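**Q** pasting a predicted model and its sequence here:
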Amino acid sequence: MVGAALSMGGCKVGPAYKAPAVQAPPAYSENGANGGPTGNWSAAAPADDKSRGQWWTVYNDATLDQLEEQCANANLSIAAASQAYEQSHALVQSVRSALFPSVSIGASATRNRISSYRPLRPTTAPNYYWDFLIPLSISWEPDIWGRVHRQIESASATAQASAADLANTRLSLQGTLAATYFQIRGIDLQTKLLQSTVDAYTETLGLTENRRKGGLASESDVEQAKTQLEQTRAQLIDLGVQRAKLEHAIAVLIAVPAQTYKLAEKPLDGDPPAIPVGIPSELLQRRPDIATAERRVAAANALIGVQKAAYYPNITLGANGGVESSDITNLMNTGSTLWNAGPSASEILFDAGRRKANVQAAVAQREQAAALYQQQVLSAFRDVEDQLSSLRILADEAQVQQRAVASAERSTELSILRYKRGLAPYLEVLTNQTIQLSNERVAAGLVADRIVASVGLQIAIGGGWNSLQLPKN
């Protein structure tokens, strides 16, 4: 019987797992497919197929590198996700233990009294006696129908999903950190712009006051110049409020008290780096959230086998033994031994459709997980397309905006020159300076938007992660 059970241990009921089919386009539309535009991110360098891991290093910013390491090591959400994986990994070990026999041993010593009037009690038997017992029990339920193996399969897939959740949490939070960091650097750029503008407006105010003293400008011109200067100073103060909030957000991400964290000013400069995106089919291995969804399909598929195994008999191999004596000095004698052994089997004859309903529920759970997986894949493709579109459009906008800034600067220079010569009212200078500042702030904002969009693209393509990194459990 034992040999037969062992020989059948490899049988597993339930469907074999096959990942849900998804249709990946040959290329991204923003990457030259179907006649679409081609950005500077389309050409891949020879090393682009390697895992980038620390994807943020492409920005060559030592401060960002340090912050990302702090986030990875100290962030509490990442720590919580890590413990969630440890729990799921431990559950795999717990389920796997069902493949082996369970052995238990005990010991008892009881003092007993028998009624003097007990039926059929020998008259010479004592009323009081000790019973010393050391029982040993061995029980094993061979996995003939593969129920335990399916449970292990499901638990392992769930643990892998948890590991992918951890990777996705880390990727998301480190991406948020990078985006927040560059938003602060963008504010620093605008701060630098407004500070230089305040200096320019202060100079203009001095010019206007001198002209008023000479009778060439009115008191109204002076007040307008003061108003413009104070408005710009107010904008500068408002940037400080925004910067403080973003600093506090970074403090939370690196798990330090918000009131103790300060980030030195460093204006953003330069264009975003080129980010090779590969082909869409690679995204299925490079996005941890896709891996999470796919592993949950596998876990749900294995549970179908678990429920189908309930249709088959439960077979248990067991043995009980030990030593028992009323005299502790004889407890270990050969004559004190006792034992019994043999298999047992049970089968449910009627359950009012419970097993059938459980199988149907497991199938529906798998189909739900498959639909969510396919939806996650579609969302991932959309994310990449969104970020590629943003990078292309923002690059075009930045070029146009730079031309607008150049024209505004030239217009302001000419109006100031005309004002000095008495050929234009101060209102013309005021209007042109306002237009120039507005365009310069838009241009500065685009610098930050482009860098943040490149961070978004890094996250959309998985940040260098690969599903091959999932633990085997």
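**A** The structure has been received and is ready for your questions.
**Q** which residue sits closest to Q87, ignoring its sequence neighbours?
**A** Among residues not flanking Q87 along the chain, S162 sits closest, at 7.7 Å (Cβ to Cβ, 6 or more residues apart in numbering). Quick note: C-beta positions are derived from backbone N, CA and C, even for glycine.
**Q** wait, what's in contact with the spatially closest residue to A398 that is not a sequence neighbour?
**A** Nearest residue to A398, sequence neighbours excluded (Cβ to Cβ, 6+ apart): L446, at 4.6 Å. Shown in contact with L446 (Cβ atoms under 8 Å, 6 or more residues apart in numbering): L394, E397, A398, Q401.
**Q** and the helix or strand encompassing the second one, what does it pack against?
**A** Assignment of secondary structure by DSSP states H and E places E397 within helix 354-420. Where contact means 3 or more Cβ pairs under 8 Å, 6 or more residues apart in numbering; DSSP states H and E, helix 354-420 is packed against helix 283-286, helix 288-308, helix 426-460.
**Q** right, so these: which one is the most enclosed?
**A** Mean neighbours per residue, mean count of other Cβ atoms under 10 Å, is largest over the helices and strands packed on helix 354-420 for helix 288-308, with a mean of 24.
**Q** so what does it touch, helix or strand wise?
**A** Secondary elements touching helix 288-308 (3+ Cβ pairs under 8 Å, 6+ apart): helix 147-213, helix 283-286, helix 354-420.
**Q** try 7 Å this time
**A** Contacting helix 288-308 under the criterion 3 or more Cβ pairs under 7 Å, 6 or more residues apart in numbering; DSSP states H and E are the following elements: helix 147-213, helix 354-420.
**Q** with distance to P257, mean pLDDT and mean neighbour count added, can I get those in JSON lines?
**A** Below are these laid out as JSON lines (distance: least, Cβ to Cβ, whole Å; pLDDT from 0 to 100; neighbours: other Cβ atoms under 10 Å):
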{"stretch": "helix 147-213", "distance to P257": "17", "mean pLDDT": "94", "mean neighbour count": "21"}
{"stretch": "helix 354-420", "distance to P257": "33", "mean pLDDT": "95", "mean neighbour count": "16"}
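**Q** now the ones you listed in TSV, with distance to G335?
**A** Formatted as TSV, these follow (distance: least, Cβ to Cβ, whole Å):
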stretch	distance to G335
helix 147-213	40
helix 354-420	48
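**Q** select, out of those helices, the one closest to L317.
**A** Among the helices and strands packed on helix 288-308, helix 147-213 comes nearest to L317, with 14.4 Å by Cβ to Cβ.
**Q** after that closest one comes which helix or strand?
**A** Counting by DSSP H and E, what follows helix 147-213 is helix 219-253.
**Q** buried sites along that next one?
**A** 221-222, 224-225, 228-229, 232-233, 235-236, 239, 243, 246-247, 249-253 (16 or more other Cβ atoms under 10 Å).
**Q** same question, stretch 463-473
**A** Buried residues in stretch 463-473 (16+ other Cβ under 10 Å): G463, G464, W465, N466, S467, L470, N473.
**Q** where does pLDDT dip in this protein?
**A** For the chain, the stretches with pLDDT under 70 are 1-10, 31-52, 120-125.
**Q** repeat that for 80
**A** 1-11, 30-53, 116-127, 473 (pLDDT under 80).
**Q** could you say which helix or strand holds A109?
**A** Counting by DSSP H and E, A109 is found in strand 108-113.
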